[in-house]
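Student: Take a look and give me a structure for this.
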Amino acid sequence: MTDEMGPATPTEGRFRVLPGRDDDEWLFLDVETMEPTYVPRASVPAPTPTVGNRVEATISWDDGPVVDTLTVETETTVAFVETDEPIFEAAENCFERARADGEPMNSRVTYNTDNEANGVVYTFAEQPGRRELLSEFRNGGKPLEPLIDRTVRPDEIDPPLSVFVIDPEEPFVVVYIVLDPDGLLDETVRGTYL
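Tutor: Here you go, the predicted structure:
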């Protein structure tokens, strides 16, 4: 990003906000290129984003990355959690179907009691090394963007969404995309796992 002939050109783009390597920074993951940029939280102007927000931002590089401008585009949130709570049945069934088919991942739509879609659950078989997949989602190595993009359908399902990346005591990691962040399902998942 630096230019030996003068100041670096600012980077403009759309980013998914993820946790940084510590509490003093954010990870801005470019939603097009999936390039990561770690920025100091103190450099981020108001409105302060929340993990999972999609933002439009300009980042300057004169003395390291500094966020000059920021607009929150969608207030989707993402939570990352390790848990010893039993995983919900839809996720367990989703994983068992993947295992029966010999696939490393699977997905299924979940429904409320009125038979209306209320979420999409994805399961990913754990790789060697416990907690590795959770870390990959957290640091952008395994982007959430394709899963979110696949869920959003104009005129049907629009952000904001709630995304829960859950690492249970099972041989898989769950990504649960809840369609209504103000609904009962969101409240239930938060109450159980966060």
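
Student: got the domain boundaries for this protein?
Tutor: Residue ranges for each domain of the chain read 11-74, 77-193, as given by automatic domain parsing.

Student: can you redo those as a markdown table with mean pLDDT and mean neighbour count?
Tutor: Where you see a C-beta, it was placed from the backbone N, CA and C, and this is true even at glycine. Below are those laid out as a markdown table (pLDDT from 0 to 100; neighbours: other C-beta atoms under 10 Å):
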| stretch | mean pLDDT | mean neighbour count |
| --- | --- | --- |
| domain 11-74 | 95 | 17 |
| domain 77-193 | 93 | 16 |
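
Student: Residue 176 - nearest residue in space that isn't next to it in sequence?
Tutor: For residue 176, ignoring the flanking residues on the chain, the nearest one in space by C-beta to C-beta, 6 or more residues apart in numbering is residue 164 at 4.5 Å.

Student: Hmm, that neighbour is touching residue 188, no?
Tutor: No - taking C-beta atoms under 8 Å as the contact criterion, residue 164 and residue 188 are not neighbours in contact, 10.8 Å apart.

Student: Confirm the residue nearest to residue 176 sits in a strand?
Tutor: Yes - per DSSP: H, G, I helix; E, B strand; the rest coil, residue 164 lies within a strand segment.

Student: now it, which residues is it bridged with?
Tutor: residue 79, residue 176 (DSSP bridges).

Student: what sits against it?
Tutor: Residue 164 sits next to 78-79, 81, 174-176, 178, 189, 193 when contact means C-beta atoms under 8 Å, 6 or more residues apart in numbering.

Student: ok, these vs residue 61, which is closest?
Tutor: Taking C-beta to C-beta as the measure, residue 61 sits nearest to residue 78 out of the contacts of residue 164, at 26.2 Å.

Student: Tell me which residues touch the closest residue to residue 157 other than its chain neighbours, please.
Tutor: Distances taken as C-beta to C-beta, 6+ apart place residue 179 nearest to residue 157, at 5.7 Å, with adjacent residues excluded. By C-beta under 8 Å, 6+ apart, the contact set of residue 179 is 117-120, 151, 157, 161.
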